[in-house]
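Novice: Mind looking at a prediction? Sequence and model below.
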Amino acid sequence: MSIIALHSIKGGVGKTSACINLAYLAAMEGAATLLCDLDPQGSASFCLRIRPLKKFSTKKLIAGGSKIDESIRGTDFDNLDLLPSKMSYRNIGLILNSLKKSRKRLKSILGGLQEQYDYIFLDCPPNIDLMSENVFVAATHILVPLIPTPLSRVSFQKLLKFFEKEKMDQSKIVAFFSMVENRKSVHQQTMMEMSKLYPRLLKTTIPYRSAVEKMTVRRQPLPVYDSRSAATLKYEALWREFREIMNT
Amino acid sequence: MGFTARTDDYLVPDRLLWQTLQERIANNFACMPEKMASTKIAFFDSFDWRLYNKQLLLMRRHNTYELCLLHDESPIVAQPWPSGTCPIFWWDFHDTELAQRLEKILDVRALVLCLKLSRQSQLLRILNRDEKTVLKVCLQRNVQESTADDAHSIQLLKLTAIRGYDDFLEKFKIFLKTLQLAPCTKHILENISQGRARKPGDYSSKMYLHLKPEQTAKSAVVVIYNHLHDMMKQNEVGIKADIDTEFLHDFRVAVRRTRSALTQIQLVLPRQLTQEFKVRFAALGKATSRLRDLDVFLLREKEYQAILPEALRPGLAPMFRGLIRERRREHKRLKVALESPEYETMLKEWLQAIRTLDTSSVNLECRNSDEPIANVSRQFIHKKYKQVLRVGKNLSSNSPDSDLHDLRIECKKLRYLLEFFRSLYDESEMAPLTRQLKQLQDNLGDFNDLGIQQANLKQMLDGVAPQSPNQTICAATIGGLIAVLHHRQRQLRMEFESTFAKFADRRNLALYEKLFRSPLRKRTS
């Protein structure tokens, strides 16, 4: 089982869109896939038309086991399930902090789902806190979307420094450019510079397209309602490239 | 891997039109229909339903072979396959996962077409207030593809629950009750039986008879002979069409069982009838022997290759080419024999004789005829088991191989009796007896088999004239095989004593005595 975390310190970088579309593409290949919406905003849950659960809570998430099993919902698509978000996740850091082995909690919770799924995608809130550390420990791969601007570059460097300081495995981190507008010279310049600096940058870039933004209106993965758009083709290429990296 | 979605099927009567059903659903639930899909499906299994018996299905659709679970057609493994080619054996799927899976189940049996149908299906998504799918309802119409005018069809409504939305499934089921639709637990393969020559599970090489202890011996043997006659008839087509080697094998077993019953179940049928058909069935068995020998030989090609050192392997190919040619001739000869009026007449007369017995109320002047079968069977099994013990105990390490052959024949007779009358006894007590006997038979059977192989190879060796390098390598190959087989046979000979000791174990014998010793003997002892 591979656990793929979509993470970024910065918000609004196309993290949720990528998470939904990549999870959908994995499921369409026949792989049993679970998307965990860890963001209290619940955007992924909203896009897949699944409401937050009334009886679920942060404590139940941390308890794991049958509590998680009961909370998983099937999406409209074969092989793709979702663990919906909960507003109470905003307090998750506090609760984790009070527990022993607080950095490894999520890993053991997700380990319990190993029999059921080939892939688990984590849609993470934009932050670096104890929850993020749990994600970094649990994930087999951390996929970071980057808008090619100097600010994104700074936040990416912060993430790498954090890994270095905490002595965590940096090789888990794989980044890709997201919301790319080729007509902007800043984007072109940043992509050129960063490609030289960071070898683990995927070649495929995701363009900025209104079709992607419509995911919140259509409340479906992009390939479902716009299978031939340039953005869809790019997500497909991104999944192929990333899958190749996971297999090597 | 993954969460297994719960599915429920309902039978939809033909009178309930698709359109009407869809309207009734739409009146009660928010739903969204998807495009209708049509596909042609073919189902395959071995003649003896090996996949079905394991609750599996092999289906071909959209140029893909899928090994699926029987209850919901969920695929275990799928293998795309070009149209126009039709794999028959597991090895025809070459180096694929499907081949690996089928090998374990099918062994040497061929795949035969069981059912062809065209399927139209339409998915209705039941939606909640967020327009999210909370239940999948599939309307499915299956029409059997047949040349007959009365091609059968079945309409199904299949519900697939979505994880976490069980309440919608329950609501929908309550709605279905108002439509009076009956739940359907069987697969279409089992449901579409009308107009089909075969039904799933209608053939097994094993004998499953249902005899009652109080029924007369005469009526019981009629059941046995009828069953064996049917077995011969069922396998005829497969032998003639040369589908796989097991048709002939099962046919021969049915002939041998019939002969064994005629010899062992004594004083039930008129002596003259028994004598006559013993001779006729023996001749029939003999007519099939050479082809079976050749089949066994040819099935061993890979095994022989593995036995031999690489230097001697080139001799195998010409040897097997010769055998294949001979097999072709032998098959042709048997096919002619099975299509001959003599064979036809013999089976007809046999069936006629059994049927007359079944309906006849005339006293047959046979002592055991009107006795309850429980008493008669006990007497025969007890006698035969004593005989096996006697022959086996007299064997020593110096006994000639032919004595082991005699014991093998006696064991086989005992095994057939246990199989004929199995239903009269407690299964839990019969199982260990059969198991123990089988182990002894395996030892004796393998020993005998290795002897036959060596004799056949020796015969081939005698025919080799080593004037050319090809013939010389052939002779060396045969010599190599004989040496290895001889060594294996000697090893089995050494294992015989311990295997027999297990059969003649005190507890095993006590069970034989308990089950089969007649009450009369008990009183006198």
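Specialist: Nice, I can see it. Residues are numbered from 1 along each chain as shown, chains lettered A, B, ... in the order given.

Novice: in the longest strand seen in chain B, what's buried?
Specialist: Using DSSP state E to define each element, chain B has its longest strand at strand B:112-127. Residues B:114-115, B:117, B:119, B:121-127 are the ones in strand B:112-127 that count as buried (16 or more other C-beta atoms under 10 Å in any protein chain shown). Just so you know, the C-beta spots here come from the backbone N, C-alpha and C atoms, and that holds for glycine as well.

Novice: Kindly report the same for stretch A:138-152.
Specialist: Across stretch A:138-152, burial judged by 16+ other C-beta under 10 Å covers A:138-139, A:141-149, A:152.

Novice: and which of these is nearest residue B:513?
Specialist: The closest of these to residue B:513 turns out to be residue A:138 (C-beta to C-beta; 66.2 Å).

Novice: That closest one touches residue A:114, doesn't it?
Specialist: No - contact criterion C-beta atoms under 8 Å: residue A:138 and residue A:114 do not qualify, at 11.8 Å.

Novice: Endpoints of stretch B:418-426, how far apart?
Specialist: 12 Å (C-alpha to C-alpha, to the nearest Å).

Novice: in that stretch, what's buried?
Specialist: So for stretch B:418-426, counting by 16+ other C-beta under 10 Å, buried means B:418-425.

Novice: JSON lines for those residues, including pLDDT?
Specialist: Formatted as JSON lines, those follow (pLDDT from 0 to 100):
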{"residue": "B:418", "pLDDT": "94"}
{"residue": "B:419", "pLDDT": "93"}
{"residue": "B:420", "pLDDT": "95"}
{"residue": "B:421", "pLDDT": "94"}
{"residue": "B:422", "pLDDT": "92"}
{"residue": "B:423", "pLDDT": "93"}
{"residue": "B:424", "pLDDT": "93"}
{"residue": "B:425", "pLDDT": "92"}
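
Novice: Which ones among those map onto strands?
Specialist: Reading strands off these, I find no matches (DSSP E).

Novice: so which of these comes closest to chain A?
Specialist: Nearest to chain A among those, counting by C-beta to the nearest C-beta, is residue B:422 at 41.1 Å.

Novice: Isn't the closest one up against residue B:431?
Specialist: No - the pair formed by residue B:422 and residue B:431 falls short of the contact definition of C-beta under 8 Å, at 9.5 Å.

Novice: Next, show the common contact partners of those two.
Specialist: Shared contacts of residue B:422 and residue B:431 (C-beta atoms under 8 Å, 6 or more residues apart in numbering or on different chains): none.

Novice: and residue 75, how many residues sit next to it?
Specialist: All of this is about chain A. By other C-beta atoms under 10 Å in any protein chain shown, 27 other residues sit near residue A:75.

Novice: actually chain B
Specialist: Neighbour count for residue B:75, taken as other C-beta under 10 Å: 14.

Novice: While we're on it, how confident is the model there?
Specialist: Note on residue B:75: pLDDT of 90.

Novice: Which residues does it form beta bridges with?
Specialist: Here residue B:75 sits in beta bridges with residue B:68, going by DSSP bridges.

Novice: For chain B, what's its nearest residue on chain A.
Specialist: For chain A, C-beta to the nearest C-beta, closest residue to chain B: residue A:32, 3.1 Å.

Novice: Show me which positions of the top helix by length along chain B end up buried.
Specialist: Secondary structure of chain B per DSSP state H: the longest helix is helix B:427-463. Buried residues in helix B:427-463, counted by 16+ other C-beta under 10 Å: B:430, B:433, B:436-437, B:440-441, B:443-444, B:447-451, B:453-454, B:456-457, B:460-461.

Novice: If you count contacts, what does it end up packed against?
Specialist: helix B:271-299, helix B:401-420, helix B:469-503, helix B:506-516 (3 or more C-beta pairs under 8 Å, 6 or more residues apart in numbering or on different chains; DSSP states H and E).

Novice: will you turn those helices into a markdown table that also has distance to residue B:246?
Specialist: Output for these, formatted as a markdown table (distance: least, C-beta to C-beta, whole Å):
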| stretch | distance to residue B:246 |
| --- | --- |
| helix B:271-299 | 9 |
| helix B:401-420 | 18 |
| helix B:469-503 | 24 |
| helix B:506-516 | 31 |
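
Novice: hey, which of these is tucked in deepest?
Specialist: Highest mean neighbour count among the helices and strands packed on helix B:427-463 (mean count of other C-beta atoms under 10 Å in any protein chain shown): helix B:401-420, with a mean of 19.

Novice: which residues touch that one?
Specialist: Contacts for helix B:401-420 (C-beta under 8 Å, 6+ apart): B:206-207, B:209, B:224, B:256-257, B:260-261, B:263-265, B:377, B:380-381, B:384-385, B:387-388, B:391-392, B:394-395, B:430, B:433-434, B:437-438, B:440-441, B:444-445, B:447-448, B:451, B:493, B:496.

Novice: okay, the angle between it and helix B:427-463?
Specialist: Relative orientation of helix B:401-420 and helix B:427-463, computed by axes from the mean of the first three to the mean of the last three C-alpha atoms, to 10 degrees: 140 degrees.

Novice: Show me which residues of chain A are close to chain B?
Specialist: Residues of chain A lying close to chain B (C-beta under 8 Å from any C-beta of the partner chain) are A:32, A:48-51, A:70-76, A:79, A:81, A:115-118, A:219.

Novice: Buried among these? Need that as a selection in ChimeraX.
Specialist: To isolate the buried members of those in ChimeraX, using 16+ other C-beta under 10 Å:
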select /A:32,48,49,50,71,72,73,74,75,76,79,81,116,117,118,219
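
Novice: Take the residues of chain A next to chain B and keep only those in helices.
Specialist: Using DSSP H, the residues of chain A next to chain B in helices are A:70-71.

Novice: so of the residues of chain A next to chain B, which ones are in strands?
Specialist: Mapping these onto strands (DSSP E) picks out A:73-74, A:81.

Novice: Let me see the ranges of the strands in chain A.
Specialist: Taking DSSP E as the criterion, chain A carries its strands at A:2-6, A:33-37, A:73-74, A:80-83, A:119-123, A:141-146, A:173-177.

Novice: Now mean pLDDT and distance to residue B:66 too, for those, in CSV please.
Specialist: Formatted as CSV, the strands of chain A follow (pLDDT from 0 to 100; distance: least, C-beta to C-beta, whole Å):
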stretch, mean pLDDT, distance to residue B:66
strand A:2-6, 96, 26
strand A:33-37, 95, 21
strand A:73-74, 94, 23
strand A:80-83, 94, 21
strand A:119-123, 96, 23
strand A:141-146, 96, 32
strand A:173-177, 95, 35
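
Novice: in chain A, which helix has the most residues?
Specialist: Ranked by number of residues, the top helix in chain A under DSSP H is helix A:230-247.

Novice: Residue A:12 and residue A:204, how far apart?
Specialist: For residue A:12, the distance to residue A:204 equals 20 Å [C-beta to C-beta, to the nearest Å].

Novice: who has more neighbours, those two?
Specialist: With neighbours defined as other C-beta under 10 Å, residue A:12 and residue A:204 compare such that residue A:204 has more, 17 against 11.

Novice: picking that back up, restricting the selection to alpha carbons, write the longest strand of chain B to PDB.
Specialist: The C-alpha trace of strand B:112-127 is given here as PDB (Å, rounded to 0.1, in the frame of the first residue of the first chain):
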ATOM      1  CA  VAL B 112     -16.100 -26.200 -23.000                       C
ATOM      2  CA  LEU B 113     -18.700 -23.600 -23.800                       C
ATOM      3  CA  CYS B 114     -21.600 -23.700 -21.300                       C
ATOM      4  CA  LEU B 115     -23.800 -20.700 -22.300                       C
ATOM      5  CA  LYS B 116     -23.800 -17.800 -24.700                       C
ATOM      6  CA  LEU B 117     -25.900 -14.800 -24.100                       C
ATOM      7  CA  SER B 118     -26.400 -11.200 -25.100                       C
ATOM      8  CA  ARG B 119     -26.800  -8.800 -22.200                       C
ATOM      9  CA  GLN B 120     -28.400  -5.400 -22.200                       C
ATOM     10  CA  SER B 121     -27.800  -3.400 -19.000                       C
ATOM     11  CA  GLN B 122     -28.700   0.000 -17.800                       C
ATOM     12  CA  LEU B 123     -27.500   1.700 -14.700                       C
ATOM     13  CA  LEU B 124     -29.700   3.900 -12.600                       C
ATOM     14  CA  ARG B 125     -28.000   6.000 -10.000                       C
ATOM     15  CA  ILE B 126     -30.100   6.700  -7.000                       C
ATOM     16  CA  LEU B 127     -29.200  10.200  -5.700                       C
END
